[in-house]
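*Asks:* Sequence and predicted structure below; questions after.
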Amino acid sequence: MKYTVKTFVSALAFASIMSMTTVPALAQDLGFNIPDKETVEAQKKARDNKAASQSIGRAIMDAFELYEEDEIKEAIAILEDQDPEPGYDSAYLGRFLGNLYAADERMADALAVLKDSVDQDVLGWNDQSAALKLVGQISLQEEKYAQSLEYLKQWVQFTGERDSQVFLYMANAHYQMKNFGEIIPFAEASLQAADKPDKNIYTLMMASYYERKMYPQAIEVLEEGLNKLPEVTAWWPQLAQFYMLEENLGKSLQTMEIAYMAGYLDTESQYKMLVQLYDNEGIPYKAASTMEKHVKAGDIEGTAKNFATIANSFHRAKALDKAVAWYQRAAGATNDSDDKGEYYRKQGNLMLLNEQYIAATDPLKKALDYLGRKDEGRVYMSLAEAYFYGGDYRQAMRYVDEAATFDGQRRSARSWKGYIKSTAERKGIKLN
């Protein structure tokens, strides 16, 4: 999670930071103390209110006028040309120059001068507060996560304020550092301080629990998030995935079905996840018809593998005609010989099962053109059965003889050979 430069820089950079509403919470959860309002007020009064020298003050006013006219580089040039005395003048000028660098997207320069300004600890209360916060924010932007945490912590302890966005920055810094267990206290503090629920807070909390494989807690976070922010539709499939990780497939399917009926699913992987859940829960017809619908609509890619998935589900749903048609499409859509042969074999076997005996011989013969020898024996046996039940005993005998040449089919082929011969003779048909 990254935050843009524009989040950090505005005209307010040249003005005093307004006080924020504080929200009571347990400071010890964050690992450091937060001063109460009385302590902060005492610190404010004790802090010197200094003024910059006339030359530095004038330069800053000139720079601010140029800034307001969007002449940022000219404003920077004015301040860079100054030679302030060490101490307050240096810190005060650095505070404004740092903001100008940030506005010009020179973030490394901004961070250097602002950090130096803050570290001198001589600015007035408002200026020190604003600069501390900005150092923390820019450090996060510049991927200096430990430094970001340090200066944001200083800001909280300096102001005594519980700012939801600041706590969110700190939670994000911990996430970037892979301190997954440290995310939760700051995310919870951010939620407490927020005026309204924030998607980013829940996302970080969910990530914290996910990375630690604490799936029940992640589920609780997402359930609460959806209760507070039902418009965040992307969370529905995520919640279903967490239920899957907990092997609660029924709840996972229920969640995905709600999302599907509400129109929240919009990616191929989400539709296929729903299909998988239907299959896993023993609802193959719904699995097949759902995938069929979205393949035809173009939501799921029309690949041989996807066609075969549809066929397989229709097969298990005993919708044999549909399964046959989709295996035929799968065979026509692949250039892989083994896959093509296997799809034709499955098509032929289903037609055999559907009592389309002679018609089944066509895809079964096509299967022989593509399958390797180790799979041919099964196909010869299927052809023998198809011709036998179709009443063509001579062809049945021909293919059972072929099947008998394969070790895996030899015993079955011998049994069938005797059965075919006796059946033919009973019907007055001589095979030799």
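*Replies:* Now that the structure is in, tell me what you want to look at. All figures in this text were calculated on a predicted structure; none of them were measured in a lab.
*Asks:* Can you tell me how far residue 135 is from residue 367?
*Replies:* Per CB to CB, to the nearest Å, residue 135 is found 70 Å from residue 367. For every residue, glycine as well, the C-beta is placed using N, CA and C.
*Asks:* And for residue 75?
*Replies:* Counting by CB to CB - residue 75 and residue 367 are separated by 77 Å.
*Asks:* can you check residue 426 too?
*Replies:* Distance, residue 426 to residue 367, by CB to CB: 31 Å.
*Asks:* So between those two, which is more surrounded?
*Replies:* residue 367 (26 against 8; other CB atoms under 10 Å).
*Asks:* other SSEs contacting the helix or strand containing that one?
*Replies:* In the assignment (DSSP states H and E), residue 367 maps to helix 357-370. Under the contact definition 3 or more CB pairs under 8 Å, 6 or more residues apart in numbering; DSSP states H and E, helix 357-370 sits against helix 320-333, helix 337-353, helix 373-389.
*Asks:* Output that helix as PDB - backbone C-alpha positions only.
*Replies:* The C-alpha coordinates for helix 357-370 follow below in PDB (Å, rounded to 0.1, in the frame of the first residue of the first chain):
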ATOM      1  CA  TYR A 357     -23.400 -47.700 -30.100                       C
ATOM      2  CA  ILE A 358     -22.400 -47.400 -33.800                       C
ATOM      3  CA  ALA A 359     -22.100 -43.600 -33.500                       C
ATOM      4  CA  ALA A 360     -19.600 -44.100 -30.700                       C
ATOM      5  CA  THR A 361     -17.200 -45.900 -33.000                       C
ATOM      6  CA  ASP A 362     -16.400 -42.700 -34.900                       C
ATOM      7  CA  PRO A 363     -14.800 -40.700 -32.000                       C
ATOM      8  CA  LEU A 364     -13.200 -43.900 -30.600                       C
ATOM      9  CA  LYS A 365     -11.500 -44.500 -34.000                       C
ATOM     10  CA  LYS A 366     -10.300 -40.900 -33.900                       C
ATOM     11  CA  ALA A 367      -8.900 -41.500 -30.500                       C
ATOM     12  CA  LEU A 368      -6.700 -44.200 -31.900                       C
ATOM     13  CA  ASP A 369      -5.100 -41.700 -34.300                       C
ATOM     14  CA  TYR A 370      -3.800 -39.600 -31.400                       C
END
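*Asks:* Give me the neighbour count for residue 37.
*Replies:* For residue 37, using other CB under 10 Å, the count is 10.
*Asks:* ok, now which ones touch the spatially closest residue to residue 352 that is not a sequence neighbour?
*Replies:* Sequence neighbours aside, residue 360 is the residue nearest to residue 352 in space, at 4.4 Å (criterion: CB to CB, 6 or more residues apart in numbering). Residue 360 is in contact with 348, 349, 351, 352, 382, 386, counting by CB atoms under 8 Å, 6 or more residues apart in numbering.
*Asks:* From these, pick the one nearest residue 113.
*Replies:* residue 349 (76.4 Å; CB to CB).
*Asks:* low pLDDT regions in the chain?
*Replies:* 1-28, 432 (pLDDT under 70).
*Asks:* quick revisit: how much space is there between the residue nearest to residue 352 and residue 349?
*Replies:* For residue 360, the distance to residue 349 (CB to CB) stands at 7 Å.
*Asks:* Between these two, which contacts overlap?
*Replies:* With CB under 8 Å, 6+ apart as the test, residue 360 and residue 349 both reach residue 382.
*Asks:* From the centroid of the chain, which residue is nearest?
*Replies:* In the chain, the residue lying closest to the centroid (CA atoms, centre = their mean) is residue 238, at 7.8 Å.
*Asks:* That one: which element?
*Replies:* helix 235-245.
*Asks:* Alpha carbons of that helix, as CSV, please.
*Replies:* The C-alpha trace of helix 235-245 is given here as CSV (Å, rounded to 0.1, in the frame of the first residue of the first chain):
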residue,chain,number,x,y,z
TRP,A,235,-14.2,-8.8,-0.2
TRP,A,236,-16.9,-11.4,-1.0
PRO,A,237,-14.6,-13.8,-3.0
GLN,A,238,-11.8,-13.2,-0.5
LEU,A,239,-14.1,-14.2,2.4
ALA,A,240,-15.2,-17.3,0.4
GLN,A,241,-11.5,-18.2,0.0
PHE,A,242,-10.9,-18.0,3.7
TYR,A,243,-13.8,-20.3,4.3
MET,A,244,-12.2,-22.7,1.9
LEU,A,245,-8.9,-22.5,3.8
